[in-house]
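**Q** fold the following, please.
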Amino acid sequence: MSAPARLFGTDGVRGVAGEFLTAELALSLGRAAAAITPSDAPQVLIVRDTRESGEMLEAALAAGIAAAGGHALLGGVLPTPGAALLVRRFELDLAAVVSASHNPYRDNGIKFFGADGTKLGEEQEREIERLVAAAETEAANGRVRELHGAGGDYLRELHARFSELDLSGRSYLLDCANGATYLVAPEIFRRLGAHVEAIAAEPDGRNINAGVGSTHIEGLVERVRDGSFDAGFAFDGDGDRVLAVDSGGEVVDGDELIALAALHLRAAGRLLGDGVAVTVMTNYGFHQAMKGAGVKVATTPVGDRHVLAELIARGWALGGEQSGHIIDTGFVPSGDGIASALLTLEALGDRDLADRDAMTKLPQRLVNVRVGDRDALDGAKGVWEAVEGESQQLDGRGRVLVRPSGTEPVVRVMVEAPDETECEEVTTRLVQVVERELG
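**A** Numbers count the residues shown, from 1 in each chain. All right, here's what the predicted structure looks like:
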């Protein structure tokens with residue numbers, strides 16, 4: 001018997017709405033997800049971002065949950081971390097988020113969180129795929145109802161966590177990506193006393209992530225640089241990541257935000273295990289700064305799922321990615337863009353973001369080299385000899401990372417070195433070797 005079709009990727013089920021991700025598939029996913037819970041009548045929270053396909057998929061997903069005997073609770077538009085937080089807060093069995101994160105509006109996705117607020121594991125995802133393929137879930141009659149005030153509940157949780165953060169006299173510009181943070185983010189900043197202006201906060205179903213948000217930060221940079229703001233923050237479509245811009249218009253990525261948070265929490269005696277988990281893409285300057293501060297660092301493959309797994313395994317709380325996925329399990333076991341922005345401001349205290357000194361970033365160069373067979377990299381002796389030679393030359397002053405893409409016929413070459421010239425020279429030499437050996 002052949003294995004069921006793979007539906008789940010690195011961040012749930014995702015594809016073009018109405019083509020791959022149809023109402024029929026959403027209904028099947030809802031039935032299967034409800035069936036894998038221990039309860040005969042599971043309570044499942046459903047939230048979504050602002051895509052025009054969201055309501056259709058929400059309705060189909062809810063119908064599937066009810067058809068398996070579950071109770072679907074419709075929370076409406078809410079950032080992804082809100083679902084991860086509220087599924088625990090209300091002691092529900094499951095949460096589902098209808099979103100494709102930073103993708104264009106035509107795409108959509110469905111991802112599930114367990115009762116503990118973490119994404120379902122691979123084994124659970126495989127079981128959902130098996131049930132979808134077999135269409136063997138038992139029919140039952142459940143319920144679908146609206147959960148009024150989910151956004152307010154999430155706001156209260158944020159306010160309780162940061163109740164001592166006083167932003168009076170400060171001015172911030174927020175880019176809400178026309179996505180799920182468009183109401184909650186400006187409101188929590190205002191409740192904490194800040195003057196707030198929000199851009200990309202008028203979703204129309206099609207403008208989510210359209211030239212705005214954390215993956216298109218140029219507009220925020222220009223507005224902050226030319227305005228009178230203390231800082232700016234850009235979220236993505238579902239609100240699980242954030243990047244910052246200081247008053248001079250310089251982008252502050254996830255590496256720097258995590259460094260700020262780590263040093264602040266350690267000084268306050270609140271950094272569990274005195275450690276942080278980051279990915280292989282994290283800037284070498286971060287590692288140097290943490291070593292100097294006595295903070296342990298664990299490195300994982302790319303992906304917030306891997307970061308969270310490492311945190312749980314070690315009993316630590318703080319970690320994240322350069323892209324702005326930052327996890328503080330003391331609040332919620334998910335990336336939370338709004339909470340991460342507020343944690344950054346808590347860490348700064350009376351200082352300006354432009355005066356941050358948590359780490360010094362090394363120049364970084366990343367080149368994607370198209371190859372005939374990315375799987376041949378493991379046996380490419382010439383490539384690994386070149387990597388070893390360049391690493392020895394850098395001698396702890398930087399690093400080299402060569403790895404295959406997980407989805408494309410590409411080998412990624414990343415180099416970090418003390419200055420731009422050396423970084424460029426090392427990268428050029430390595431790219432030439434990869435092209436010669438694998439091109």
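**Q** alpha carbons only for contacts and neighbour counts from here, please
**A** Will do.
**Q** what's near enough to touch residue 303?
**A** Counting by CA atoms under 8 Å, 6 or more residues apart in numbering, residue 303 touches 10, 279, 321.
**Q** and with 6 Å instead?
**A** Contacts for residue 303 were tallied using CA atoms under 6 Å, 6 or more residues apart in numbering; there are none.
**Q** so it versus residue 414, what's the distance?
**A** Distance of residue 303 to residue 414, given as CA to CA, to the nearest Å: 17 Å.
**Q** next one: residue 378
**A** Per CA to CA, residue 378 is found 17 Å from residue 414.
**Q** of those two, who's got more company?
**A** Neighbours per residue, other CA atoms under 10 Å: of residue 378 and residue 414, the larger number sits with residue 414, 21 against 11.
**Q** secondary structure class for that one?
**A** Using DSSP: H, G, I helix; E, B strand; the rest coil, the structure places residue 414 in strand.
**Q** identify the bridge partners of it.
**A** Beta-bridge pairing of residue 414 under DSSP bridges involves residue 366, residue 401.
**Q** centre of the chain to the helix or strand hosting residue 368, how far?
**A** Per DSSP states H and E: residue 368 is located in strand 364-370. Centroid separation for strand 364-370 versus its chain: 22 Å, with CA atoms, centre = their mean, to the nearest Å.
**Q** and if you look at stretch 196-215?
**A** On the basis of CA atoms, centre = their mean, stretch 196-215 is displaced by 17 Å from the centre of the chain it belongs to.
**Q** quick one: terminal-to-terminal distance for it?
**A** OK, stretch 196-215 end separation, CA to CA: 21 Å.
**Q** contacts for that stretch next, please.
**A** For stretch 196-215, contacts defined as CA under 6 Å, 6+ apart pick out 50-52, 105, 171-179, 182, 234-237, 243.
**Q** tell me which residues of that stretch come out buried.
**A** By 16 or more other CA atoms under 10 Å, the buried positions in stretch 196-215 come out as 196-203, 205-210, 212-215.
**Q** what's around residue 135, how many residues?
**A** 12.
**Q** typed the wrong thing, it's residue 51
**A** Neighbours of residue 51 using other CA under 10 Å come to 28.
**Q** which residue is the nearest non-sequential neighbour of it?
**A** Spatially, and ignoring its direct neighbours in sequence, residue 51 is nearest to residue 205 (4.4 Å; CA to CA, 6 or more residues apart in numbering).
**Q** can you tell me the SS state at that neighbour?
**A** coil.
**Q** if we can go back for a sec, now for the strand holding residue 368, which elements pack on it?
**A** Helices and strands touching strand 364-370, by 3 or more CA pairs under 6 Å, 6 or more residues apart in numbering; DSSP states H and E, are strand 410-416.
**Q** give me the contacts around the helix or strand just after the strand it packs on.
**A** Using DSSP H and E, the helix or strand that follows strand 410-416 in sequence is helix 420-438. Residues outside helix 420-438 that contact it (CA under 6 Å, 6+ apart) are 363, 371, 415-417.
**Q** let's go with 8 Å and repeat that
**A** Looking at what lies outside helix 420-438 - CA under 8 Å, 6+ apart - the contacts are 363-367, 369-374, 376-377, 380, 382-383, 386-387, 390, 411, 413-417.
**Q** secondary structure element for residue 88?
**A** helix 80-89.
**Q** CA-only coordinates of that helix, as PDB, when you get a sec.
**A** C-alpha atoms of helix 80-89 as PDB (Å, rounded to 0.1, in the frame of the first residue of the first chain):
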ATOM      1  CA  THR A  80      -1.000  33.200  14.900                       C
ATOM      2  CA  PRO A  81       0.500  33.500  18.300                       C
ATOM      3  CA  GLY A  82      -2.900  34.500  19.700                       C
ATOM      4  CA  ALA A  83      -4.200  31.000  18.700                       C
ATOM      5  CA  ALA A  84      -1.200  29.300  20.300                       C
ATOM      6  CA  LEU A  85      -1.800  31.300  23.500                       C
ATOM      7  CA  LEU A  86      -5.600  31.000  23.700                       C
ATOM      8  CA  VAL A  87      -5.700  27.300  23.100                       C
ATOM      9  CA  ARG A  88      -3.900  26.900  26.400                       C
ATOM     10  CA  ARG A  89      -5.700  29.800  28.100                       C
END
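**Q** buried ones in that helix?
**A** 80-88.
**Q** again, but for stretch 48-61
**A** Neighbour counts over stretch 48-61 (16+ other CA under 10 Å) mark 48-55, 57-61 as buried.
**Q** skipping adjacent residues, who's closest to residue 84 in space?
**A** Closest to residue 84 by CA to CA, 6+ apart is residue 117, at 4.3 Å.
**Q** right, and that neighbour touches residue 330 too?
**A** No. In this structure, residue 117 is not within contact of residue 330 by CA atoms under 8 Å, at 11.9 Å.
**Q** give me the nearest residue to residue 34, chain neighbours excluded.
**A** Excluding its sequence neighbours, the residue lying closest to residue 34 (CA to CA, 6+ apart) is residue 65, at 5.5 Å.
**Q** tell me who's in contact with that neighbour.
**A** Contact partners of residue 65, counting by CA under 8 Å, 6+ apart, are 27, 30-34, 44, 71-72, 142.
**Q** how does it look with 10 Å?
**A** Each residue near residue 65 by CA atoms under 10 Å, 6 or more residues apart in numbering is listed here: 26-35, 41-44, 59, 71-73, 140-144.
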